[in-house]
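Participant: Below are the sequence and a predicted model for it; my questions follow.
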Amino acid sequence: MEIKILDTTLRDGEQAPGVYFTTEEKFQIVNFLFDAGVSEIEAGIPFISDENFKFIKEIIEIYPYKDISTWSRLKLNDLEITKKCGVKIIHISVPVSEILYKSQIGEWNDVKARLKTCLDFAILNFSKISLGLQDIFRSNLLELEEILEIANKYQIYRIKISDTVGYALPYEVKEIISFCKTKYKGLIGFHGHNDIGLATANSLTAIESGATFIDTTVNGLGERAGNTALEEISFILNKHHNYSSNIDLKKLKPLSKYVSKASGRDLPDYKPITGEKIFLHESGIHCRELLKNPLSYQPFIPEQLGLNKTEIVIGSHTGKAVIKDSISKLGYKYNDSQLDSIIDICRSLAIKKKNFLTVSELNKIFSSELGVQNEFMQKK
């Protein structure tokens, strides 16, 4: 089953505190995203500023045959402005939880009346309409059913299940999508936030429950704890045989690095998929097997997918097999009787550093510069 990736880095990603993309950076991000195979880009909010409006209008002119959407509140004025920038796919956010619709709009009947007014305008001015069911996991099912009935009446192209506060559990995602499928005839997407660390898991559950669109941001960038990470869900879809997407996995690392720099948000070294150090190995048992087969303790060979290559390092958990391999690769000869001493020295230094050893440090050890006299440690 092919899943479509809808990336909202330029909208929801840029809403992260302190993040601002220049127009030039936005163009570059769009180029990266389409080159990577993203199916649809949510390019921003036209009514926020003249700068946003001009960028969206221009990017639609540059990519007339690509799926580019914009986000709108449930306000007719927002839609009127959006129409002028030439967008064909409009995503209208509808608050469906009482806590949100009472603060944003008023009573429930006001929500339904405003939705119908907006849809009457939208069906005449946009090719496709997507409805974001905002804060759906805190909604009343009877009220939700009324929104789905309206969506059917207007033949809405797609609804998005929005975990607006990032607090849903996977079983709740399954339940709400199952409910929507019984009441709504169109396509279903999922928009997840990562407040309790479940954005990727919830997105996968949404797919398993029948969603065919998944919202993402590069590096999981977004407000609070962020959104479903493009690189994480893409690897899941492309590396598990039950699913597929159009994403070219080799294009994700440069995209990730660019967005990291443009957003001013450093990537954690151990971030899944794109972290700089996630393919380092030190444990003796693991490393011994990795020397035989690089897939023994890895789900894939990272360098084949444009990621940092597998690297075996020497530290406090290193075993004999790796020491022997390292000595040989650095061009030294050794005697087996020297290995225990070398291992002890390597482990002791790594413990003292509270880190793995560098090549320079290994060379010093192997050439006895740290006080170990090894007559057999001669350069080849």
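Facilitator: Looks like it came in fine.
Participant: make it CA atoms for all contacts and neighbour counts henceforth
Facilitator: Will do.
Participant: Can you list the low-confidence ranges for the protein?
Facilitator: Low-confidence segments of the chain (pLDDT under 70): 241, 368-380.
Participant: Centre-most residue in it?
Facilitator: In the chain, the C-alpha nearest the mean C-alpha coordinate belongs to Ala229, at 1.2 Å (CA atoms, centre = their mean).
Participant: Phi and psi next, for it.
Facilitator: Main-chain dihedrals, Ala229, degrees, to the nearest 10: phi -80, psi 130.
Participant: For it, which residues count as its bridge partners?
Facilitator: Taking DSSP bridges as the rule, Ala229 bridges to Thr217.
Participant: is it true that it touches Ile214?
Facilitator: No - contact criterion CA atoms under 8 Å: Ala229 and Ile214 do not qualify, at 10.3 Å.
Participant: Now the common contact residues for those two.
Facilitator: Counting by CA atoms under 8 Å, 6 or more residues apart in numbering, Ala229 and Ile214 have no common neighbour.
Participant: Enumerate every residue touching Tyr101.
Facilitator: So Tyr101 contacts 95, 107-108, 111 (CA under 8 Å, 6+ apart).
Participant: now do Phe235
Facilitator: Contacts of Phe235 by CA under 8 Å, 6+ apart are 249, 273.
Participant: Show me the longest helix that occurs in this structure.
Facilitator: If you go by DSSP state H, the chain has its longest helix at helix 108-125.
Participant: quick one: buried residues of it?
Facilitator: Of all the residues in helix 108-125, those buried under the rule 16 or more other CA atoms under 10 Å are 108, 111-112, 114-116, 118-119, 122, 125.
Participant: Would you mind giving the residues you listed as TSV with distance to Ala206 added?
Facilitator: TSV is the format used below for the buried residues of helix 108-125 (distance: CA to CA, whole Å):
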residue	distance to Ala206
Trp108	27
Val111	26
Lys112	26
Arg114	28
Leu115	25
Lys116	28
Cys118	28
Leu119	26
Ala122	27
Asn125	30
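Participant: Does Asn31 lie in a helix or a strand, and which?
Facilitator: helix 23-36 (DSSP states H and E).
Participant: quick one, strands of the protein?
Facilitator: Under the criterion DSSP state E, strands of the chain are mapped to 4-7, 40-42, 67-72, 89-95, 128-134, 158-163, 187-192, 213-216, 280-281, 311-312.
Participant: closest one to Ala201 among the ones you listed?
Facilitator: Among the strands of the chain, the nearest to Ala201 by CA to CA is strand 187-192 (9.4 Å).
Participant: what sits up against the closest one?
Facilitator: Residues lying outside strand 187-192 but in contact with it, judged by CA under 8 Å, 6+ apart, are 157-164, 166, 177, 199-200, 202-203, 206, 210-216, 227-228.
Participant: now with 7 Å?
Facilitator: Residues outside strand 187-192 that contact it (CA atoms under 7 Å, 6 or more residues apart in numbering) are 157-163, 166, 199, 203, 206, 211-215, 227-228.
Participant: and what of stretch 108-127?
Facilitator: When contacts are defined by CA under 7 Å, 6+ apart, stretch 108-127 is touched by residues 74-76, 83, 88-90, 105.
Participant: same thing with stretch 255-269?
Facilitator: Stretch 255-269 has contacts (CA under 7 Å, 6+ apart) with 19-21, 25, 32, 218-219, 275-278.
Participant: Thank you, goodbye.
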